[in-house]
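1. using only what follows, build the 3D model:
(one chain, ligands or ions: 1)
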Amino acid sequence: MTGKQTMSKGKVNALLGIVFGDEGKGKVVDVLAPQYDIVARFAGGPNAGHTIMFEGRKFVLRSIPSGIFYKDRLNVIGNGCVIAPDLFMQEAKELEQAGYDLKGRLHISLKAHLILPTHRVLDKAYEAAKGKNKVGTTGKGIGPTYSDKASRTGLRVGDILDRFEEKYARLKARHEQILSDLHYTEYDITEEEKVWLEGIRYMREYTLADTETELNKALAEGKNILAEGAQGTMLDIDHGTYPFVSSSNTVSGGVCTGLGVPPSSIGEVFGIFKAYSTRVGSGPFPVELFDDTGNKIREIGHEFGAVTGRNRRCGWLDLVALRYAIMINGVTQLFMMKGDVLDTFDTIRICVAYEKDGVRTETMPYDCEGWNPVYVDMPGWKADLTGMVSADQFPSRFSDYISYIEKEMGVPITIVSVGPDREQTISR
Ligand code: IMP
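-> You can find the predicted model right below:
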């Protein structure tokens, strides 16, 4: 054989929520995980709640990647994530009790930032100070932790290995000073702090690693990685409905910074969305329904937050948001979730544009507050999708709905989900 032989490198495929989160990422990662050597989280923290159901059991993962249920896969919490030691310990112990031993196959980046109990107090204090302009955060301390990261005052996982107590005391004192300046004094973290410090000790039992090098080495060996997104594009700190957003880059660009992998390593970008729209927390949401239809979607879709239990705001599918997210992320395949939730509706509406003061737009405005949806109506399929196991069983009206979205978006829908179980996931 002549010529230079190059070993084919592995790829990082990204799975991203492309609207306001809660699209069902956990379920899809769980289904895709067997095809990958590594599943890695690259942004966010315990504000996420990835639900996975199989064999009649339900798990909600917050910080731990959804590949954890396949025992021979490596799972990584990347440098772009923030991690709360107490919640991590609780989540990990629950999984251990359910028979999933994580140690050795869950690696945590030394560069991921730590959420302190006082970050959570600050989250509440900042929200309280905002009055009616509240973001409606999950209260998990996400914003203050990423703020400390940007201010270069944060604590990282690597810090727990060296003079931790001293560093912790310094940052805690800084937070206490800020809280005192805000006149926010009604808090008591004594008990919470005990559990948190126990969480720090517990985390030391894990592989705290230079995960950037590990991931790049794996790619060089031809291994494939699934980057599991959190939240959604419309909650991205740069590209979402600022300031009503989370504090990390949830888009495909965040995979590179949040895992330390080069752009050339990115392969497919899977964009996950629901057959309708939801949003938790405050902020503009042009397709929001305030009527019985919205309530019906919420009831049938069980649209209550996995982390906070809050009611999710509901509406029809928004193609303006989808088009924008496909552009920002470079989505190559779409996955549509929860099609079955619309089974009983006579008419299904799709928002194809926004309109305000006689102006129509199909591209996302700088601020989508005050814009009204322009709908196209389609007849409902009025059939039970939940027992279907292949796309040729779909009623023609449901297939028409899928084809319409594909044609408008110019991206194929390759997975359709028709129920919460692993088995109710159909490839096309
Ligand atoms: P934070 O991420 O807790 O700071 O919350 C900022 C905004 O993002 C709030 O509107 C939250 O409701 C929303 N948010 C954060 N995480 C999620 C998620 O996993 N799903 C849906 N919304 C989320």
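2. helices or strands next to the host helix or strand of residue 26 in the packing?
-> Assigned by DSSP states H and E, residue 26 falls within helix 25-32. When contacts are defined as 3 or more CB pairs under 8 Å, 6 or more residues apart in numbering; DSSP states H and E, helix 25-32 packs onto strand 12-17, strand 50-54, strand 225-228, strand 266-274, strand 333-337, strand 413-417, strand 425-427. Yep, even glycine has a C-beta here, placed from its N, CA and C like the rest.
3. what do you get if the cut-off is 7 Å, keeping everything else the same?
-> Packing partners of helix 25-32 (3 or more CB pairs under 7 Å, 6 or more residues apart in numbering; DSSP states H and E): strand 12-17, strand 50-54, strand 225-228.
4. what parts of the stretch 51-200 of the chain come near the ligand?
-> Residues of the stretch 51-200 of the chain lying close to the ligand (CB under 6 Å from any ligand atom) are 135, 136, 137, 138, 140, 142, 143.
5. which residues touch residue 12?
-> The contact partners of residue 12, taken as CB atoms under 7 Å, 6 or more residues apart in numbering, are 225, 227, 255, 261, 265, 266, 267.
6. can you tell me the SS state at the fourth one?
-> When the structure is reduced to helix, strand and coil (DSSP: H, G, I helix; E, B strand; the rest coil), residue 261 reads as coil.
7. tell me the pLDDT at it?
-> Confidence at residue 261, expressed as pLDDT, is 98.
8. go on, the fifth one?
-> What the model reports as pLDDT for residue 265 is 97.
9. leaving out sequence neighbours, find the closest residue to residue 279.
-> Spatial nearest neighbour of residue 279, excluding adjacent residues (CB to CB, 6 or more residues apart in numbering): residue 20 at 4.2 Å.
10. list phi and psi for residue 217.
-> Main-chain torsions, residue 217, degrees, to the nearest 10: phi -70, psi -40.
11. any idea how far the ligand is from it?
-> Distance of residue 217 to the ligand, computed by CB to the nearest ligand atom, to the nearest Å: 30 Å.
12. tally of neighbours for residue 139?
-> Using other CB atoms under 10 Å, residue 139 has 14 neighbouring residues.
13. nearest spatial neighbour of it, skipping sequence neighbours?
-> Distances taken as CB to CB, 6+ apart place residue 123 nearest to residue 139, at 5.5 Å, with adjacent residues excluded.
14. what distance do you get for that neighbour to residue 129?
-> 11 Å (CB to CB, to the nearest Å).
15. so if I had to pick from the two, which one is more boxed in?
-> Using other CB under 10 Å as the criterion, residue 123 and residue 129 rank with residue 123 on top: 22 against 12.
16. one step back: hang on, the residue nearest to residue 279 is in a helix, isn't it?
-> No: read with three-state DSSP, residue 20 is coil and lies in no helix.
17. give me phi/psi at it?
-> Dihedral pair for residue 20: phi -110, psi 30, per degrees, to the nearest 10.
18. what's the local residue count around it?
-> As a burial measure, residue 20 scores 28 neighbours (other CB under 10 Å).
19. now do the contacts for it.
-> By CB under 7 Å, 6+ apart, the residues touching residue 20 are 232, 234, 235, 278, 279.
20. if you set the cut-off to 6 Å instead, what comes out?
-> Going by CB atoms under 6 Å, 6 or more residues apart in numbering, residue 20 touches 232, 234, 235, 279.
21. just the ones in strands from the residues you listed, please.
-> Residues of these located in strands (DSSP state E): residue 279.
22. return the residues in contact with the residue in the chain that the ligand sits nearest to.
-> In the chain, the residue that lies nearest the ligand is residue 281 (2.2 Å; CB to the nearest ligand atom). For residue 281, the contacting residues are residue 136, by CB under 6 Å, 6+ apart.
23. how much space is there between it and residue 149?
-> 21 Å.
24. quick one: the helices in the chain, in order.
-> Assignment of helices within the chain using DSSP state H yields the ranges 25-32, 85-97, 117-129, 142-151, 164-181, 190-203, 211-220, 253-259, 292-301, 319-329, 396-409.
25. without its sequence neighbours, what residue ends up closest to the residue nearest the centre of the chain?
-> For the chain, the residue nearest the mean C-alpha position is residue 230 (1.7 Å; CA atoms, centre = their mean). Distances taken as CB to CB, 6+ apart put residue 44 closest to residue 230, at 3.3 Å, once the chain neighbours are dropped.
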